[in-house]
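*Asks:* Okay, structure incoming, though there's no sequence with it:
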């Protein structure tokens, strides 16, 4: 039996072997899936905001792109993952609502979350091997630790295997 | 000033609840007029919960729901999100449009317009109640519609709350048409800068 581990909003988890990390209903948030194929170590974060540096209330490391990647790496390395083999897949960052002609800061947060995630991963030298971001719809994602496959499910926009 | 969700005084909660009751009462009245039939409501519940619990309290992250989103500006500014479960949304559109409810999951353009209008009416009634209570004026924007997973729709207000808290506040109420219940959730988020204005208008500070 595969072990399914749920990752909530502003939450992150790691597993190895045959575990499956799942986060449900990503909207403007971004799911950051890290994987080391040599040790089958997987980590998944569900971040809500681009940077911990702009916010006073920043204790929850899983809430921000910068601190979530740092913490996820730390946990994976503690599980014997090999730093040089870790790759990333990312999904989410949708714009769920829009008004004609409006460039509301609140509404384009998804795009900013994706940009920040890409920058943070570049900073840590982690290659992004697959990406399914943007659009105006939600996504449920599953990271399979045995294969590193990331399954992206939607309502009305099909299923993608990354 | 930080968003005071983590240490809201019980007085402030009582005031929010009172406003919620008046707002939902107004909304039910407007809704009754629109549908030309009697719509009752229960007493709204003001709930504050951790992010991870909110989705479960509303029915699960992957449940398909309708979200109608508006921004408001004026003496205070912020956003409003109305969430209806899919079955309620279909029932409401069929009442409004005079069609038989259809099992089809997607929403047609006319159904979306009808739901946006309902979002408008509920929000106007709600903001009207806050306005009469506080003397502050607010003007809502045009509504924006989404039909998607609850978690994805909730991510929008959660990110706003997330800038200053790990908790969210929402108001749950049932609008009742005979034996049918339409559960609606309101999430009202004043901008952080508006909080001192509201507290002052309420005479709390």
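*Replies:* Everything's here; your move. Fair warning: this is a prediction, and the values are worked out from it, not measured in the lab.
*Asks:* Would you mind listing the buried residues in stretch B:172-180?
*Replies:* B:172, B:173, B:174, B:175, B:177 (16 or more other Cβ atoms under 10 Å in any protein chain shown). Bear in mind the C-beta positions are built from the backbone N, C-alpha and C, glycine included.
*Asks:* since we're on the nearest residue to residue A:71 once chain neighbours are set aside, how many residues are nearby?
*Replies:* Spatial nearest neighbour of residue A:71, excluding adjacent residues (Cβ to Cβ, 6 or more residues apart in numbering or on different chains): residue A:61 at 4.4 Å. Residue A:61 is flanked by 19 other residues according to other Cβ atoms under 10 Å in any protein chain shown.
*Asks:* cool, the one 3 residues further on as well?
*Replies:* Applying other Cβ under 10 Å, we find 27 residues neighbouring residue A:64.
*Asks:* in terms of contact, does it touch residue A:51 like I think?
*Replies:* Yes - Residue A:64 is within contact range of residue A:51, at 5.9 Å (criterion: Cβ atoms under 8 Å).
*Asks:* wait, what's in contact with the residue nearest to residue A:71?
*Replies:* Taking Cβ atoms under 8 Å, 6 or more residues apart in numbering or on different chains as the criterion, residue A:61 is in contact with A:12, A:52, A:67, A:68, A:70, A:71.
*Asks:* need the contact list for the fourth one.
*Replies:* Right, the one you point to is residue A:68. Contacts of residue A:68 (Cβ under 8 Å, 6+ apart): A:12, A:32, A:45, A:47, A:61, A:62.
*Asks:* Recalculate using a threshold of 10 Å.
*Replies:* A:10-12, A:30, A:32, A:34, A:43-49, A:52, A:60-62, A:117, A:120 (Cβ atoms under 10 Å, 6 or more residues apart in numbering or on different chains).
*Asks:* Likewise for the third one?
*Replies:* With contacts defined as Cβ under 10 Å, 6+ apart, the neighbours of residue A:67 are A:12, A:45, A:47, A:49, A:51, A:52, A:53, A:58, A:59, A:60, A:61, A:120.
*Asks:* can you tell me the average pLDDT over the host helix or strand of the second one?
*Replies:* Element membership of residue A:45, judged by DSSP states H and E, is strand A:41-47. Per-residue pLDDT values over strand A:41-47 give a mean of 97.
*Asks:* Downstream of that strand, the next helix or strand is which one?
*Replies:* Of the helices and strands lying after strand A:41-47 in sequence (DSSP H and E), the nearest is helix A:65-78.
*Asks:* so where's the chain shaky on pLDDT?
*Replies:* Assuming you mean chain A. Counting by pLDDT under 70, chain A has low-confidence residues at A:1-2, A:100-105.
*Asks:* actually chain B
*Replies:* For chain B, the stretches flagged by pLDDT under 70 are B:1-13, B:16-17, B:99-105, B:204-205.
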